[in-house]
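K.L.:
Pasting the sequence and the predicted model now:
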Amino acid sequence: MRFFTALTAALLPFTALAAKKPSSKSVDRFAGYNKQQLSAASALKLDDNVYADLTKAPRDYSVAVLLTALEARFGCVLCQDFQPEWNLLAKSWAKGDKDSQSRLVFGTLDFANGQKTFQSLMLQTAPVLLLFPPTLGPDAKPDGAPVRFDFSTGTNRAEPIHAWLGRHLPSSPTPPFNRPFNWMKLIITTVSVLGFITLAAVAGPYVLPLLQNRNLWAAISIIAVLLFTSGHMFNHIRKVPYIAGDGKGGISYFAGGFQNQFGLETQIVAAMYGILAFATISLALKVPRVVDPKVQGIMIIVWGGVMLAMYSFLLSVFRMKNGGYPFWLPPF
């Protein structure tokens, strides 16, 4: 009996060392999954069984798993947008970490292939990114609880995820993230520039005279002046109502006070300004070119009457907005 007791006491240190030694199965698992990751050049596609095997303890490696819902019936726009970025990050990480010193495995678990996992984690939204730390080695965490990335900011780029992984893997080398050169963007930009130059060269002789036309620019300038002087920008800034009731069952087209106005009021004032401007231009440019004196006289009387009526109506509008306005013209 004493012999067995002494033998047990002598073997106790060796059994303790054997218990602390990393499992060879964990090393074999990382080698196998890392080989698949390098050959796929993207994140591994997982299912419930592979996810359980990849994340089970003990493990001397880290696992970054994206739980997503890519099918169109789920309507997860962020999942669709982020998936190419996630695969690009996995590819860039594997390319920069050729010796696998960081010992990190990237995986993607779609809801269609991992419903049991989603239910066990009680996930109601997607995407969800989990980083499982190692349970063996210098960076081991005894509980092995995963760290979750917050997608509430709406990020769909790989750069923030790369920085987040680097912060949570401080002792592991973090390979730089390199986004591949966008040749399609270069081609589209080059073709667009060449097309614009060609269009300008071909259409230049026809468009240039139009752009140099003084009447065109005069019309554009007058329209812009009428819009801004009538209070168009005021309506957009203050979000004024189009019309309002007068309190008697009718409609009020003009708001009282110089600091208030309605949308329809702006249009009426712009129309008055436009008629006055057109009458002034006609009297200054069109009437002097009329050869017949009688027709010319009639045009002067007509346009003069239009100006008198519009100015009279404009002054009456001013009196509506401010009862103390002293000026007026007949007939209003």
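P.N.:
Everything's here; your move.

K.L.:
how near is T117 to L123?
P.N.:
T117 is 8 Å from L123, where distance means Cβ to Cβ, to the nearest Å. C-beta here means a position set from N, CA and C on the backbone, and glycine is covered the same way.

K.L.:
Let me fix that, I meant to ask about I237.
P.N.:
In terms of Cβ to Cβ, I237 sits 45 Å off from L123.

K.L.:
Also T153?
P.N.:
18 Å.

K.L.:
again, but for Y33
P.N.:
On the measure of Cβ to Cβ, Y33 and L123 end up 23 Å apart.

K.L.:
which residues of the stretch 201-332 of the chain fall in helices?
P.N.:
For the stretch 201-332 of the chain, the helices defined by DSSP state H, counting those that start in this stretch occupy 214-229, 232-238, 263-281, 293-321.

K.L.:
With mean neighbour count and distance to P134 added, can I get the ones you listed in CSV?
P.N.:
What follows is the helices of the stretch 201-332 of the chain, written out as CSV (neighbours: other Cβ atoms under 10 Å; distance: least, Cβ to Cβ, whole Å):
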stretch, mean neighbour count, distance to P134
helix 214-229, 12, 67
helix 232-238, 13, 59
helix 263-281, 17, 66
helix 293-321, 14, 77
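
K.L.:
For N178, which of those helices is the nearest?
P.N.:
Proximity to N178, assessed across the helices of the stretch 201-332 of the chain by Cβ to Cβ, is greatest for helix 232-238 (45.2 Å).

K.L.:
that older thread, so between Y33 and L123, which is more surrounded?
P.N.:
Using other Cβ atoms under 10 Å, the more surrounded residue of Y33 and L123 is Y33, with 20 against 16.

K.L.:
any idea what sits nearest that one, other than its immediate chain neighbours?
P.N.:
Excluding the flanking residues, the one nearest Y33 by Cβ to Cβ, 6 or more residues apart in numbering is V105, at 5.0 Å.

K.L.:
and the helix or strand hosting that neighbour, which strands flank it?
P.N.:
V105 belongs to strand 104-110 when elements are defined using DSSP states H and E. Counting by DSSP bridges, the strands paired with strand 104-110 are strand 44-46 (parallel), strand 62-68 (parallel).

K.L.:
Just the mean pLDDT for the longest one, thanks.
P.N.:
So the one you mean is strand 62-68. Averaging pLDDT along strand 62-68 yields 93.

K.L.:
Equivalent analysis for the first one, please.
P.N.:
When the per-residue pLDDT values of strand 44-46 are averaged, the result is 93.

K.L.:
What is the subsequent helix or strand relative to that strand?
P.N.:
Counting by DSSP H and E, what follows strand 44-46 is helix 48-55.

K.L.:
for the longest one, same thing?
P.N.:
Note on strand 62-68: by DSSP H and E, the next helix or strand toward the C-terminus is helix 77-96.
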